[in-house]
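S.K.: Model the structure of this input:
(one chain, ligands or ions: 1)
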Amino acid sequence: MKVVYHEDFNQVYTSDPAAAAGRIQAVVTALEGKVTFIQPEPATKDDILRVHTEEHVKSVERRGIYSIAALAAGGAIKAAEIGLSEPCFALIRPPGHHASAESAWGFCYFNNMAIALEKLKNQGRIKKAFVLDFDLHFGDGNVNILGDKGYVTILNPASTRSRQEYLATVEKALALTDADMIAASAGFDNHEDDWGGLLHTDDYNLMARLMLGAAQRNRGGCFGILEGGYNHRVLGQNVLAFVEGLQGK
Ligand SMILES: [Zn+2]
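M.R.: Next up, the predicted model:
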């Protein structure tokens, strides 16, 4: 399977935990030899301005984050494009699901998911999208930008109390969707050894297989992009479990 990745994602561009040294390397080490790494191009300014205001883009430029944030958004676009014909994952940072049109927080700058989906939608390459956001934190940026577009359904199961209820919620929603693009804002910070303490490594494999099943049923595509996940000791194994699930393994 192809995994979109660029060496520049190892850059420590801020002092936040998403940008921590060793985080991306931990995932690369777990995936190496099992996937084919594909390099993305930065998203163009037009791609970014389809989703964000000029003012917000300027503020990201002023903070010195523009290049790496545009490369992450380009990685999401690449994964979505590959995802049209085969499951794909984007190993990117900074994450994006807390980025709204004119503001961002929570280690996010540009909304990678929204930039990718809006590009494909604009090109007429997808009709409906389903976004599973299994990050520990509510993806307010995804909802703010995509929630009222009319073609996107977003599931944030994070408020669910038990693990069983969580997985049942995901399974039910993916069984019902008729979207031709099944996407994941894949944050791994709700793992039992990460901040949220809820999900098991196998659960990421299960959710990926459920995504693949929905995509195949709807004769559509699927992809995931990295959001959170901060325990470097388990992030690699969790991403690997998810990537294998996207391949039906
Ligand atoms: Zn998170």
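S.K.: tell me which element the residue in the chain positioned nearest to the ion falls in.
M.R.: The nearest approach of the chain to the ion comes at Gly228, 3.0 Å away (CB to the ion). For the C-beta atoms, the positions are set from N, CA and C on the backbone; glycine is no exception. Assigned by DSSP states H and E, Gly228 falls within no helix or strand.
S.K.: what's around it, how many residues?
M.R.: Using other CB atoms under 10 Å, the number of residues around Gly228 comes to 29.
S.K.: Return the residues in contact with it.
M.R.: Ala18, Pro95, Phe107, Asp135, Leu136, His137, Gly187, Phe188, Asp189, Trp195 (CB atoms under 8 Å, 6 or more residues apart in numbering).
S.K.: check contacts around the first one.
M.R.: Ala18 makes contact with Arg93, Pro94, Pro95, Phe107, Gly228, Tyr230 under the criterion CB under 8 Å, 6+ apart.
S.K.: follow-up on the earlier one: for the ion, tell me which of the contacts of Gly228 show up nearby.
M.R.: When contact is defined as CB under 5 Å from the ion, the contacts of Gly228 meet the ion at Asp135, Leu136, His137, Gly187, Asp189.
S.K.: Hmm, Gly187 and the third one touching each other?
M.R.: Think His137. Yes: under the criterion of CB atoms under 8 Å, His137 makes contact with Gly187 at 7.0 Å.
S.K.: Now the common contact residues for the two.
M.R.: His97, Gly228.
S.K.: More neighbours: the two, which one.
M.R.: Comparing His137 with Gly187 by other CB under 10 Å, the one with more neighbours is Gly187, at 26 against 20.
S.K.: can you tell me which residues contact Tyr151?
M.R.: Tyr151 makes contact with Lys121, Ile126, Lys127, Lys128, Ala129, according to CB under 8 Å, 6+ apart.
S.K.: separation between it and Ala186?
M.R.: According to CB to CB, to the nearest Å, Tyr151 and Ala186 sit 21 Å apart.
S.K.: now Glu192, nearest residue through space, not along the chain?
M.R.: His200 (6.1 Å; CB to CB, 6 or more residues apart in numbering).
S.K.: Look up phi and psi at the one you found.
M.R.: phi -90, psi 160 (degrees, to the nearest 10).
S.K.: Could you confirm Ile154 falls within a strand?
M.R.: Yes: assessed by DSSP: H, G, I helix; E, B strand; the rest coil, Ile154 belongs to a strand.
S.K.: Hmm, it is touching Gly139, no?
M.R.: Yes: in this structure, Ile154 is within contact of Gly139 by CB under 8 Å, at 7.2 Å.
S.K.: between the two, which one's more packed in?
M.R.: Each of Ile154 and Gly139 has its neighbours counted (other CB under 10 Å); Gly139 has more, 31 against 19.
S.K.: Tell me if I'm right that the more buried one and Ser185 touch.
M.R.: Yes: in this structure, Gly139 is within contact of Ser185 by CB under 8 Å, at 5.4 Å.
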